[in-house]
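**Student:** Kindly return the folded structure for what I paste below:
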Amino acid sequence: MTAFQPAPDLLLKVTPPRVSRQLLTRQALAAGRPWLRETPILLLQAPAGFGKTSLLAQWRLDLIARGTAVGWFACQPHDDGARLLQGLTLALRGGAGWPGFGQALLEDLLGSTREQPLEGLTRWLAELAHLATNVVLVIDEADRLPTSTRELLAYLLHNQPPNLRCIVAARSDCDLGLGDLIAYGQARTLGPAELRFSLEETLALMRLLASGEADLDLAAQLHELCEGWPLGLQLLLAPAAAGADLRSLRERHDDFGTGQSPQRERLLELLLRQLSSEDLRLLEDGSIVDHLHPALCRRLSGAEDAPARLARLARDTPLLSQAEQGEWLRLHALAREQLREHVQQRPVAERAALHARAAAWFLEQGQLEAAARHAWQAGERTQALDLAERSLYEALTQRGRQGEVREWLDRLPPEALEQRPRLQLAAAWSLATSERHAEAGERVERLLAGGGADAALRCECALVLGSAAIFADDPDRFLALHDPWVEKPPLSDPMLLAVHANRNAFRALLLGQPAAARQSLPSGGGQGLRYVGFWADLIQGLSYVWEGQVRLAEAQLQPSLARAESQLGRRSPFACMQAVLLASCLWEQGRPEEAEALLAHRLDVIERSGLPDIVMLAYRTLARMASAAGVEHRALELLAALGAVGAARGLPRLIIVSLAEQLRLHASHYRGETCKVLLEQLEATVREHERTCGPIWQRGVRMQLALARGHAALAAREWRAAIGALEQAAGGAQTLHLQRFRIEALGLRAFALDRCSERDALPLMQEVLGLAASLGLQRVFSDAHPDLGNWASQANPPEAVAVLRPSATPPAGATPAPARAGAANVTALTPKEREVLELLGRNLSNKEVALALQVGEETVKWHVKNLFSKLDAGTRKQAVARARILGILPPLV
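**Tutor:** Numbering: from 1, shown residues only. Predicted coordinates for the structure are as follows:
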């Protein structure tokens with residue numbers, strides 16, 4: 001027998017990497033997830049840069065913190081069977097604390113008998129099976145193993161005992177022969193799709209790195225640039241990790257957009273450096289189209305092996321990812337931009353021929369709008385216009401391709417539209433639902449000027465002009481255009497009939513009938529008519545928000561938003577508008593981080609293409625979040641921006657709401673003179689515009705004005721004057737069925753009555769508290785006025801206790817709740833002591849705590865000694881029990 005002496009490089013390979021304190025804990029991939037705990041074999045397969053090793057190291061710490069023994073082994077190209085066995089044995093010795101594990105096996109393996117690795121592995125598995133301990137074995141970089149050693153690893157995975165779980169990481173091109181285990185549910189694979197960062201994770205990473213000063217809009221833009229690729233995010237956020245301020249980070253991003261950034265060059269190098277010249281040429285040819293298909297790439301490149309090469313690139317690089325449908329692939333946006341620049345450097349004739357091949361292929365597939373675009377690029381103007389006329393109307397009205405229609409509007413001369421009525425109609429629809437809604441009327445006039453329009457065309461033109469009126473915030477004109485066609489419209493097209501039903505629903509909403517609006521929507525939400533269905537979803541969500549039914553709105557908007565983002569894109573107008581509605585619901589329920597994430601990098605789309613009510617809701621939600629976080633200057637900046645958007649788009653109601661919200665914000669601090677000036681501006685703005693606006697517009701504005709007068713009176717502490725104004729505001733809100741505004745007005749009225757020592761104040765307050773609780777409105781009182789929120793927390797009835805929560809910042813004048821006995825000790829604990837205490841509560845030894853926290857054992861002993869002192873305990877058990885009594889640790893269930 002020969003005593004086993006491990007090679008120095010093997011000792012290094014069983015030493016796990018240190019986890020950076022700036023590494024984000026990814027909740028979707030947390031070690032405590034049931035699918036991770038219960039899967040015998042977990043296989044991470046993705047190209048380089050997807051954070052496989054970092055995730056494994058993080059899982060190791062999480063598993064150790066849960067009391068699980070974890071062994072670590074990183075593979076090398078020269079690991080034969082004997083070295084694999086040695087490495088696995090050392091991994092379990094170090095990870096599980098078994099210094100004698102596998103000793104006889106290794107002595108036989110290295111001695112004169114020279115036992116075969118397969119037999120040795122069988123003995124290794126048998127010895128492990130006899131141990132009464134569950135073990136997790138982490139094997140990193142398995143793709144580096146030689147083929148013969150991979151077969152041994154596959155044997156281990158097929159024959160692992162019940163007390164062993166394996167987590168294996170490898171590149172995408174590594175086949176470990178686990179197809180049968182995956183098919184039977186014994187193994188699970190995580191690929192690039194699962195390992196890419198979600199937007200929420202990117203935002204959380206920005207918060208972690210920026211230490212509370214996170215620019216979530218910038219984070220969302222960076223996420224979009226690298227499409228969640230972990231290595232790309234690491235590169236782009238490296239300045240923040242190094243302590244750079246947000247202004248510097250923003251400047252770097254601006255340079256990135258102009259092509260002057262070293263980070264951009266580095267990211268492109270990471271994406272493209274491994275490509276051969278043939279693969280680079282293939283992707284250049286494919287970059288002229290939005291999505292890649294194997295057959296399309298074969299036609300564009302003329303290479304018969306193009307499908308196989310695409311599949312390899314999708315498997316081995318982060319450049320290609322699976323699109324939502326079938327065999328289609330998406331090329332990384334940044335790489336596509338760079339590759340298109342390469343194509344632009346080719347001769348004109350070569351580029352034209354490439355686009356001509358693309359147009360021919362799309363025409364064969366019946367994708368007329370794509371064929372039209374490429375025919376135009378190929379110089380086939382007549383064919384392109386013919387195809388555009390045949391396809392753009394359907395592309396817009398059935399699939400919502402507004403951007404494509406706008407591109408055609410920008411490139412076509414006016415006479416081309418005049419000669420093609422169907423293109424003219426598509427242009428009118430597109431302009432009507434944008435900030436250029438005034439141009440839609442001109443298109444409709446030209447369309448009808450020729451005469452001979454039948455009733456169906458006149459009705460459709462009324463629908464177009466109605467859209468323009470909605471986006472112009474002119475509800476009275478919308479009703480005048482739509483009312484003649486309410487009953488029995490002369491339409492036969494199912495799409496137009498569904499649009500008409502949506503308009504009936506919007507009409508009911510404007511008249512203050514949200515329940516009737518939902519009944520008027522097309523059955524099934526316009527199923528089979530995707531674009532119309534999104535409108536139905538939006539109107540339904542708006543009707544719930546109108547009523548203050550935030551829980552129902554959230555349940556309806558969550559799946560609808562997911563569909564819109566999947567089919568239209570995250571920054572499409574529809575997805576952005578639905579995100580605003582959902583964010584407002586989440587904010588009202590006291591979930592600010594979720595609401596903030598939904599609005600990240602969307603405000604610019606909303607202010608250009610959003611419905612007026614959606615624009616107001618977006619800015620109001622963001623301003624209230626900023627105010628609650630104590631960043632009043634940011635809230636005032638947002639409200640001023642809302643007024644500027646209203647002036648730019650010619651929407652006076654946005655200016656009115658901007659002034660009213662500024663007044664509310666100042667009233668919460670009792671700034672009477674400032675509120676007086678703002679109220680004068682508000683009243684002057686209303687007088688200026690109410691002469692030219694109809695009664696429906698005026699009704700909503702008067703309610704806002706009455707509420708603003710109530711706030712101004714409260715700011716001046718003129719309680720009696722406030723009561724009358726708030727009673728008028730509550731009546732206006734009731735007429736329109738705006739329940740959230742009614743609850744706010746009634747709550748403020750009860751507050752004013754209480755200041756006047758009226759006996760009716762408390763019963764009224766308890767009534768509105770019950771109403772708010774039934775709707776799930778947690779923020780309504782603290783947003784209306786901090787002192788109202790404080791009073792509400794003291795006056796709430798039993799049914800409202802569950803719904804009311806402390807506001808993000810303490811209300812002005814709030815009285816702190818009495819502290820529990822021992823609370824001083826709670827605040828005296830340092831963050832590290834809290835971590836140690838939590839692990840002690842899981843019955844971990846000092847050594848196991850040290851491994852989980854990546855600190856020395858002496859450091860843990862020092863923290864435990866401090867815990868004994870602060871918690872007045874003499875043993876670990878007493879310290880944990882006292883922590884549970886004090887509420888530092890959760891009670892045992």
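**Student:** What residue, apart from its backbone neighbours, is nearest residue 143 spatially?
**Tutor:** Counting by C-beta to C-beta, 6 or more residues apart in numbering, residue 143 lies nearest to residue 174, which is 3.6 Å off, once chain neighbours are set aside. Just so you know, the C-beta spots here come from the backbone N, C-alpha and C atoms, and that holds for glycine as well.
**Student:** residues near residue 650, how many?
**Tutor:** Neighbour count of residue 650, defined by other C-beta atoms under 10 Å: 12.
**Student:** which other residues reach stretch 835-848?
**Tutor:** With contact meaning C-beta atoms under 8 Å, 6 or more residues apart in numbering, stretch 835-848 is reached by 64-67, 97, 829, 849, 852-853, 857, 860-861, 863-864, 867, 876, 879-880, 883-884, 888-889.
**Student:** And it, end to end?
**Tutor:** With C-alpha to C-alpha, to the nearest Å applied, stretch 835-848 spans 13 Å between its terminal residues.
**Student:** That one: which residues count as buried?
**Tutor:** 835-841, 844, 846, 848 (16 or more other C-beta atoms under 10 Å).
**Student:** Helices - which of those residues land there?
**Tutor:** Cross-referencing these against helices under DSSP state H gives 835-840, 846, 848.
**Student:** now these as JSON lines including distance to residue 13 and pLDDT?
**Tutor:** Below are these laid out as JSON lines (distance: C-beta to C-beta, whole Å; pLDDT from 0 to 100):
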{"residue": "835", "distance to residue 13": "29", "pLDDT": "84"}
{"residue": "836", "distance to residue 13": "30", "pLDDT": "87"}
{"residue": "837", "distance to residue 13": "34", "pLDDT": "87"}
{"residue": "838", "distance to residue 13": "31", "pLDDT": "85"}
{"residue": "839", "distance to residue 13": "27", "pLDDT": "86"}
{"residue": "840", "distance to residue 13": "32", "pLDDT": "86"}
{"residue": "846", "distance to residue 13": "27", "pLDDT": "85"}
{"residue": "848", "distance to residue 13": "23", "pLDDT": "81"}
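**Student:** wait, which of the residues you listed is closest to residue 154?
**Tutor:** residue 848 (31.7 Å; C-beta to C-beta).
**Student:** so what are the domain limits for this structure?
**Tutor:** Residue ranges for the domains of the chain, per automatic domain parsing: 8-195, 199-272, 630-717, 730-813, 823-886.
**Student:** Let's have those domains in CSV, adding distance to residue 522.
**Tutor:** Shown next, in CSV, are the domains of the chain (distance: least, C-beta to C-beta, whole Å):
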stretch, distance to residue 522
domain 8-195, 34
domain 199-272, 31
domain 630-717, 24
domain 730-813, 22
domain 823-886, 53
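**Student:** who wins for proximity to residue 546 among these?
**Tutor:** Once the domains of the chain are compared by C-beta to C-beta, domain 730-813 is nearest, at 6.3 Å.
**Student:** and residue 855, how many neighbours does it have?
**Tutor:** Using other C-beta under 10 Å, residue 855 has 16 other residues around it.
**Student:** buried residues in the helix or strand harbouring residue 724?
**Tutor:** Here residue 724, judged by DSSP states H and E, is contained in helix 719-736. Buried residues in helix 719-736, counted by 16+ other C-beta under 10 Å: 719, 721-723, 725-730, 732-734, 736.
**Student:** can you list contacts of that helix?
**Tutor:** So helix 719-736 is contacted by 512, 699-700, 702-703, 706-707, 709-710, 713-714, 739, 741-742, 745-746, 748-749, 752-753, 755-756 (C-beta under 8 Å, 6+ apart).
**Student:** Quick check on these: which are buried?
**Tutor:** Burial by neighbour count, judged by 16+ other C-beta under 10 Å, picks out 512, 699-700, 702-703, 706-707, 709-710, 713-714, 739, 741-742, 745-746, 748-749, 752-753, 755 from the contacts of helix 719-736.
**Student:** Could you list which of the residues you listed belong to helices?
**Tutor:** Among these, the members falling in helices (DSSP H) are 699-700, 702-703, 706-707, 709-710, 713-714, 739, 741-742, 745-746, 748-749, 752-753, 755.
**Student:** thinking again about what came up before, just the buried residues of the contacts of stretch 835-848.
**Tutor:** 64-65, 829, 849, 852-853, 860, 863-864, 867, 876, 879-880, 883, 888-889.
**Student:** From these, which shows the smallest pLDDT?
**Tutor:** Lowest pLDDT of those: residue 852, 78.
**Student:** My guess is that one contacts residue 68. True?
**Tutor:** No. At 10.3 Å, residue 852 and residue 68 do not qualify as touching, with contact defined as C-beta atoms under 8 Å.
**Student:** Can you give me every residue that contacts residue 288?
**Tutor:** 300, 340, 343, 354-355, 358, 374, 377.
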